[in-house]
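Student: Provided below for reference: sequence and predicted model.
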Amino acid sequence: MPDVAQINQFGANYLPGYLGIRFTRVDAGEVHAELPVRQELMAPNGYLHAGSVVTLADSCAGHGCLASLPEGATGFTTVELKSNHLGTAREGTITCIAKAVHLGRTTQVWDATVTHRDTGKTVALFRCTQMILYGR
């Protein structure tokens, strides 16, 4: 499994890197990341865009899935995701912890909690299901 620095470098030229997501821990079954809040991540109403929050959570779950693939699997694709937004942020940093709920041979289910680092308030609860892929 690649270390956190390699994972951050790998995603630097893709959406997670473009948004500024920084992974701080990646293990089989659990992933941590953070995202500094800035204007480019806001909706026109001045609050953090829901898509920014979902991207953070989905990226954590996706890297967790990659780190937890069963033997013989070649990848995955997200087949369902859901988010409940309970708060927002206008400044600071949001963090995410994603944890595996189900690590099967054909599917994985991940739960993620996004919080504001400084206040500890929950911003969103997220769940996604990934279909495990085999072969090319």
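Tutor: Structure received.
Student: tell me, what residue is most central in this protein?
Tutor: Cys60 (2.5 Å; Cα atoms, centre = their mean).
Student: quick one: buried residues of the longest helix that the chain contains?
Tutor: In the chain, with assignment by DSSP state H, the single longest helix is helix 50-67. Residues 52-67 are the ones in helix 50-67 that count as buried (16 or more other Cβ atoms under 10 Å). In short, each C-beta sits where N, CA and C put it, glycine included.
Student: how about stretch 89-105?
Tutor: In terms of neighbour count (16+ other Cβ under 10 Å), stretch 89-105 has its buried residues at Ala89, Ile94, Thr95, Cys96, Ile97, Ala98, Ala100, Leu103.
Student: can you list these in a markdown table and add pLDDT?
Tutor: Formatted as a markdown table, the buried residues of stretch 89-105 follow (pLDDT from 0 to 100):
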| residue | pLDDT |
| --- | --- |
| Ala89 | 96 |
| Ile94 | 98 |
| Thr95 | 98 |
| Cys96 | 98 |
| Ile97 | 98 |
| Ala98 | 98 |
| Ala100 | 98 |
| Leu103 | 98 |
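Student: among the residues you listed, which lie within helices?
Tutor: Residues from those lying in helices, with DSSP H as the criterion: none.
Student: distance of Ser68 relative to Asp27?
Tutor: Distance, Ser68 to Asp27, by Cβ to Cβ, to the nearest Å: 9 Å.
Student: which one's more surrounded, the two?
Tutor: Ranked by neighbour count (other Cβ atoms under 10 Å), Ser68 and Asp27 place Ser68 first, with 21 against 14.
Student: got the contact list for the more buried one?
Tutor: By Cβ atoms under 8 Å, 6 or more residues apart in numbering, the contact list for Ser68 reads Ala28, Gly29, Ala100, Leu103, Gln108.
Student: mind running it again at 10 Å?
Tutor: Contact analysis of Ser68 by Cβ atoms under 10 Å, 6 or more residues apart in numbering lists 1, 27-31, 76, 100, 103, 108, 110, 130, 132.
Student: just the buried residues out of those, in ChimeraX syntax.
Tutor: Applying 16+ other Cβ under 10 Å to the contacts of Ser68, the buried members can be selected in ChimeraX as follows:
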select :30,31,76,100,103,108,110,130,132
